[in-house]
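# sequence first, predicted coordinates after that:
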Amino acid sequence: MDYLGEIESLKNQLSFSETIKDTDYDQIVIAGMGGSGIAGKIFQELYTEKPVRLVEDYRIPKFVNKNTLFIAVSYSGTTEETLSAATQAKRQGAHLVTISSGQQLSKLGHQNIILPNSSLQPRAAVGYLLVPLLRSFKISTERELNLAYRSIAGLDKNSEECKKHAAKISAEKKIPVIYSGAPFKSVAYRWKTQMNENAKVICYANYFPELNHNDTVALAKTYRKDLFYFLVLESDYPEIRKRVELTASITNTEFHVIKAKGKSVTERLFYLIHFGDYLSYHLGKLRGVDPGDVTLVNEIKKGLVKNDYSPQTRL
């Protein structure tokens, strides 16, 4: 399957039905890196019933204990930071659930959720990695996921709006800037990383209302503002939409607002995720780079194995 086919596979990933069997813990910690880690970022933003902490490193917080549900997410099942974190979590008494396509990580958990496809790039498997969390904690209903399928399928048939923005960015060699607000702050970060990996461009992301306490001043006064292309993911909340309008007006900045399609948060979430996938893919193709290539990431991993920098073997 080529990388475009991997992007198109997202809609079918929404039918993945595995769930976490035991969620009755005081706190939740999710470990994951890169394309696997985005599932935790999105979940942390949407789920507010219990404290949620993310781990994007080798080491975990000292507070992790028997009252912690620790979820380790690694599409490959071999991510050394996540293996290190999961091993420590188990030693500290946490209930460990792993989500992966197999390998070492799938042997560590009290429950191990195995993904049905191990041939994708991790960033293209966001549905497989995220849906078990959305289902387990009742964030998304089956009906909402079915409607999200339709939204994604629509973009598969017609991604012309994505191409239009990609063409502008490419023609003028712009640096993308992604702004958003709740409940899609995590999606802005997802767009950033997709721009990095698929289009091979540096990209900046921030969110309202926080950026009104810092970025706003820079927007009005920065040098080389003409280098940036501002994309804003439309928020669900009227106060955030008002801030977007005011910020654009006060700083004399052109914002290209991307409207999320759908009625539920789940529908709009996956629509925006998929829009960013296509935008970054088309930008990569226009720049003459391979959107699926992550050779440099793999070289880092090989170098770490060769030099044994990981603390995993010492835990």
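It's in.
# where exactly do the helices run in the stretch 201-315 of the chain?
215-221, 238-251, 265-287, 295-307 (DSSP state H, counting those that start in this stretch).
# tell me who's in contact with the residue nearest to residue 134 when sequence neighbours are not counted.
Spatial nearest neighbour of residue 134, chain neighbours left out: residue 140 (4.0 Å); criterion: CB to CB, 6 or more residues apart in numbering. All C-beta atoms are positioned from the backbone trio N, CA, C, and that covers glycine. With contacts defined as CB atoms under 8 Å, 6 or more residues apart in numbering, residue 140 is in contact with 131, 134, 148, 264, 266.
# report the contact partners of the last one.
With contact taken as CB under 8 Å, 6+ apart, residue 266 is in contact with 134, 139-141, 144-145, 147-148.
# repeat the analysis, applying 7 Å as the threshold.
By CB atoms under 7 Å, 6 or more residues apart in numbering, residue 266 lies in contact with 134, 140, 144-145, 148.
# which one of the residues you listed is nearest residue 124?
For those, the closest approach to residue 124 (CB to CB) belongs to residue 148, at 16.4 Å.
# tell me which helix or strand that closest one sits in.
helix 142-157 (DSSP states H and E).
# now do residue 44
Using DSSP H and E, residue 44 falls in helix 34-46.
# return the distance of that helix from the chain's centre.
In this view, helix 34-46 has its centroid 5 Å away from the chain centroid, taken as CA atoms, centre = their mean, to the nearest Å.
# sorry, back to before: which of the contacts of residue 140 has the largest number of neighbours?
residue 148 (28 neighbours; other CB atoms under 10 Å).
# returning to what we had before: widest-spaced pair of the contacts of residue 140?
The largest separation in these, counting by CB to CB, is between 131 and 264 at 14.3 Å.
# for residue 123, give me its contacts.
35, 194, 197.
# now it, what are its backbone angles?
Note on residue 123: its backbone torsions stand at phi -70, psi -20 [degrees, to the nearest 10].
# quick one: pLDDT of it?
Looking at residue 123, its pLDDT is 96.
# residue 309 now?
50.
# how about residue 293?
What the model reports for residue 293 is a pLDDT of 88.
# what's the answer for residue 264, then?
Looking at residue 264, its pLDDT stands at 96.
# give the burial count for the closest residue in space to residue 67 that isn't next to it in sequence, as a bare number.
Spatially, and ignoring its direct neighbours in sequence, residue 67 is nearest to residue 26 (4.2 Å; CB to CB, 6+ apart). The tally of other residues near residue 26 (other CB under 10 Å) stands at 11.
# ok, residue 26 to residue 82 distance?
Computed as CB to CB, to the nearest Å, the residue 26 to residue 82 distance reads 22 Å.
# low pLDDT regions in this structure?
The chain contains residues with pLDDT under 70 at 305-315.
# stretch 285-292: which residues count as buried?
Neighbour counts using 16 or more other CB atoms under 10 Å place 285, 291-292 of stretch 285-292 among the buried residues.
# that'll do, ta.
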